[in-house]
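Chemist: build me a model:
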Amino acid sequence: MFKKIYLLRGAVTLALTAWLALGQGAPATAGPFKDTDNHWSRVVVAKSYALELMKGYPGDIFRPEDPVTRLEAIAVIINALGLEKETKNVDYKNSGIRLPQGMFWGQGHLVIAVQKGLLHKDYVNQLMYGSPIPRQEMATLVAVALGNKIKTKGDPGKLSYTDTREIDPTYLPYVADVTQNNIMQGLGNNEFGPGQIMRRGQMAALMVKTTQEGWFEYGSGKFINGSLSASDSIAGVISITKADGVQAARLIDTGAVFYRDSQPSSLAQFKIGEAVTAITGPGGKVRYLEGADPSAKTDPITETELTGKISDRALTGNSALKIRDIGLQEKTYPLDPVITITDGVNARDMSNVTDGTYVRVKIKNNSIQNIRILSPEEIAGTITTIIPGYLTIKTDSGPGRIFSVNSGEIKIVKGGGRLAYSGLKSGDRVKIIAASGEALEVTAQDFTPSSSSVRIRAVDAFYGFIYVMNDNGDRREYEVEINAPITKRGERIKIEDLKSGDSAILKVGENGKVYEIEITNDQYATLEGEVTDVSESSGTITIKQVNGLSFALPVDRNCSCRDLTTSQPLSLGGIRSGWAVRISLYNGKAEEIRVTSK
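Modeler: Residues are numbered from 1 along each chain as shown. Below you'll find the predicted structure:
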């Protein structure tokens with residue numbers, strides 16, 4: 001049983017990860033768990049999964065009615081502090097803390113709980129860690145975790161539940177804290193249910209509520225509220241216009257869950273202009289989207305957000321910050337007496353906020369209440385798509401990337417001068433400084449049309465990209481213009497006819513795309529005739545020319561076969577005797593076979 005003697009108040013922020021579930025789940029369908037479809041908690045369970053607050057069990061089940069143990073609840077709070085990594089590294093055997101007997105997991109969580117003031121060192125060994133946690137004890141843990149974030153302390157004398165007398169006096173003030181601040185609620189019939197155990201479905205509801213309403217910092221930044229301004233269910237992209245007018249464009253995660261009016265839905269059923277709430281996960285991708293309740297409470301802590309660089313720290317000290325926003329405007333803001341500083345995972349302090357540091361701050365009543373230290377990255381590539389709110393690039397290293405853009409704030413430079421967002425275009429070569437999926441600065445590079453000799457390494461005909469290597473061994477990727485002429489020995493060919501190993505001359509335009517390709521391979525020969533035999537097993541084709549000569553030709557394993565009468569590709573085994581063909585040889589092997597008539 002929890003006792004006040006080992007529960008201490010401590011100021012924390014909240015995150016929640018895997019320990020609450022003792023198994024691994026990987027649901028990938030709308031409605032992430034099979035056993036919550038008809039359960040009251042299905043929406044909050046889906047949200048908690050999208051937020052990475054709670055996981056399921058093998059077989060895509062959640063077990064919403066299973067109890068939550070005391071150790072699991074403590075692990076929730078420790079994860080809420082962003083200290084999960086520390087629990088894995090702690091040397092609990094030499095910590096000087098006596099732990100309960102028989103534990104097979106969670107020792108590090110209890111040690112960290114003591115070190116952070118959540119548990120009393122002298123009484124941890126008495127913890128009945130494997131027993132279900134009653135609601136009054138869960139209320140106490142939440143209140144202790146929130147600490148000074150609960151500005152208005154509860155009054156036990158004002159509790160009016162019919163079972164108030166059943167609440168242990170040890171936990172009474174904490175129950176008052178969370179219920180009178182609308183953090184935790186009763187069970188109906190004006191009962192709190194102090195001795196009733198917490199269920200996993202109830203835990204999901206509590207954690208989603210506290211995160212969504214902004215009581216805890218972790219996870220609150222994953223919510224995007226606004227109206228749906230663009231949606232492409234085929235490309236898997238949406239854009240949401242937030243209340244301040246900023247466009248938030250996001251890719252849809254492959255396992256995303258959709259709800260409208262608390263019912264399972266699909267992206268195609270959402271309407272432009274509809275109020276929505278999105279939850280994002282790794283890479284900023286949307287993992288959950290719902291038709292938002294117009295009366296839903298938005299984050300009570302944040303009024304405005306500002307992203308920029310810190311400057312003049314020596315002058316502002318620890319009482320204020322001067323921030324140069326992305327638009328190069330500078331302003332000094334006072335710091336709130338109770339300020340939270342994180343790097344998105346771990347707590348930090350003012351010593352980590354130095355000149356040149358990129359930060360995202362939350363400002364209320366003109367005072368900074370929260371500072372998130374950003375870790376910017378620089379990416380070079382070619383713009384492939386631009387729409388209001390986001391742009392995508394094909395990076396020089398290969399993969400595509402999508403970035404959200406605040407067009408009113410982003411700094412864009414080209415040739416030493418400022419450029420409007422509308423001045424960027426598909427094909428522009430750019431360097432982007434980004435953090436957490438948002439483009440902070442864009443430098444558009446001047447590009448001179450060029451011609452170069454290369455050897456083709458790979459071809460992506462579907463997306464229109466080629467991968468090449470020049471004589472110096474440098475490798476590059478290029479997008480090929482849709483109608484770019486590709487010639488081989490004077491004849492037009494298609495991009496899918498290009499092969500690894502082809503020597504070519506590329507002509508690259510100002511937009512960085514290839515606008516002409518000429519294959520320059522030598523050691524080529526061409527034969528025409530009538531097919532007399534095809535052997536897939538030996539990889540040969542035999543033809544007879546009009547002059548009566550026959551040739552049995554080995555076929556390269558990467559040979560391109562195409563029926564010119566239908567413009568359809570063929571396999572070697574699909575070629576029939578009696579057909580007229582034209583065969584291109586390279587180093588004596590059939591590299592291309594074209595059926596000219598049947």
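Chemist: pull the contacting residues for the closest residue to I78 other than its chain neighbours.
Modeler: In this structure, I78 finds its nearest non-sequential neighbour in H109, 4.7 Å apart by Cβ to Cβ, 6 or more residues apart in numbering. C-beta here means a position set from N, CA and C on the backbone, and glycine is covered the same way. With contacts taken as Cβ atoms under 8 Å, 6 or more residues apart in numbering, H109 has the following neighbours: 19, 71, 74-75, 78, 87.
Chemist: please pick the buried ones from those.
Modeler: 19, 71, 74-75, 78, 87 (16 or more other Cβ atoms under 10 Å).
Chemist: quick one: the residues you listed as TSV, columns for secondary structure too.
Modeler: What follows is the buried ones among the contacts of H109, written out as TSV (DSSP: H, G, I helix; E, B strand; the rest coil):
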residue	secondary structure
W19	helix
L71	helix
I74	helix
A75	helix
I78	helix
T87	helix
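Chemist: max pairwise distance over those residues: which two?
Modeler: By the measure Cβ to Cβ, these have their two most distant members at L71 and T87, which lie 11.9 Å apart.
Chemist: ranges for the helices of the stretch 201-350 of the chain?
Modeler: Assigned by DSSP state H, counting those that start in this stretch, the stretch 201-350 of the chain shows helices spanning 313-316.
Chemist: so which residues of this protein form helices?
Modeler: With DSSP state H as the definition, the chain shows helices at residue ranges 42-50, 70-80, 84-89, 107-115, 135-146, 172-180, 200-212, 313-316.
Chemist: can you say which of those is nearest to F258?
Modeler: Short answer: helix 42-50, nearest of those by Cβ to Cβ, at 9.4 Å.
Chemist: which strands or helices does the closest one pack on?
Modeler: helix 200-212, strand 247-260, strand 286-291 (3 or more Cβ pairs under 8 Å, 6 or more residues apart in numbering; DSSP states H and E).
Chemist: buried sites along the second one?
Modeler: What it means is strand 247-260. 247-253, 255-260.
Chemist: for these, work out which two are farthest apart.
Modeler: Using Cβ to Cβ, the two most remote members of the buried residues of strand 247-260 are Q247 and G255, lying 24.5 Å apart.
Chemist: of the contacts of H109, which is the nearest to T384?
Modeler: Nearest to T384 out of the contacts of H109 is W19 (Cβ to Cβ; 40.7 Å).
Chemist: most tightly packed of the helices of the chain?
Modeler: helix 42-50 (a mean of 26; mean count of other Cβ atoms under 10 Å).
Chemist: got the angle between it and strand 247-260?
Modeler: Helix 42-50 runs at 140 degrees relative to strand 247-260, counting by axes from the mean of the first three to the mean of the last three Cα atoms, to 10 degrees.
Chemist: so what touches helix 42-50?
Modeler: Residues contacting helix 42-50 (Cβ under 8 Å, 6+ apart): 16, 27, 31-33, 36, 39, 54-56, 62, 64, 201, 204-205, 207-209, 212, 222, 257, 259, 262, 279, 281, 287-288, 290.
Chemist: tell me how this protein divides into domains.
Modeler: Annotated domains of the chain cover 4-212, 220-291, 304-373, 377-444, 450-519, 524-597 [automatic domain parsing].
Chemist: A75 touches Q107, doesn't it?
Modeler: No - the criterion here is Cβ atoms under 8 Å, and A75 misses it with Q107 at 10.9 Å.
Chemist: got any residues that touch both of those two?
Modeler: Taking Cβ under 8 Å, 6+ apart as the criterion, A75 and Q107 do not both touch any residue.
Chemist: can you list the weak-confidence ranges in the stretch 451-598 of the chain?
Modeler: Where the stretch 451-598 of the chain drops to pLDDT under 70, the residues are 510-511, 522-525.
Chemist: R63 contacts D35, correct?
Modeler: Yes - taking contacts as Cβ under 8 Å, R63 lies within contact range of D35: 6.7 Å.
Chemist: who touches A380 in this structure?
Modeler: A380 neighbours (Cβ under 8 Å, 6+ apart): 395-396, 429-432.
Chemist: mind running it again at 10 Å?
Modeler: 393, 395-397, 429-432, 443, 445 (Cβ atoms under 10 Å, 6 or more residues apart in numbering).
Chemist: of these, buried ones?
Modeler: Buried subset of those (neighbour count, 16+ other Cβ under 10 Å): 393, 429-432, 443.
Chemist: show me where the stretch 401-550 of the chain has its strands.
Modeler: Ranges of strands in the stretch 401-550 of the chain, per DSSP state E, counting those that start in this stretch, are 411-414, 417-418, 429-435, 438-444, 450-460, 465-470, 475-479, 486-488, 491-492, 503-508, 514-519, 524-535, 540-544, 550-563.
Chemist: what is the mean pLDDT for the second one?
Modeler: Going back to what we said before, that points to strand 417-418. Average pLDDT, strand 417-418: 77.
Chemist: one more: stretch 360-378?
Modeler: 82.
Chemist: can you list the buried residues in it?
Modeler: Residues 360-363, 368-374 are the ones in stretch 360-378 that count as buried (16+ other Cβ under 10 Å).
Chemist: which two of the residues you listed have the greatest separation?
Modeler: Greatest spacing in the buried residues of stretch 360-378, by Cβ to Cβ: Q369 and L374 (17.1 Å).
Chemist: hang on, the earlier thing: among the strands of the stretch 401-550 of the chain, which is nearest T307?
Modeler: Closest of these to T307 is strand 438-444, at 6.6 Å (criterion: Cβ to Cβ).
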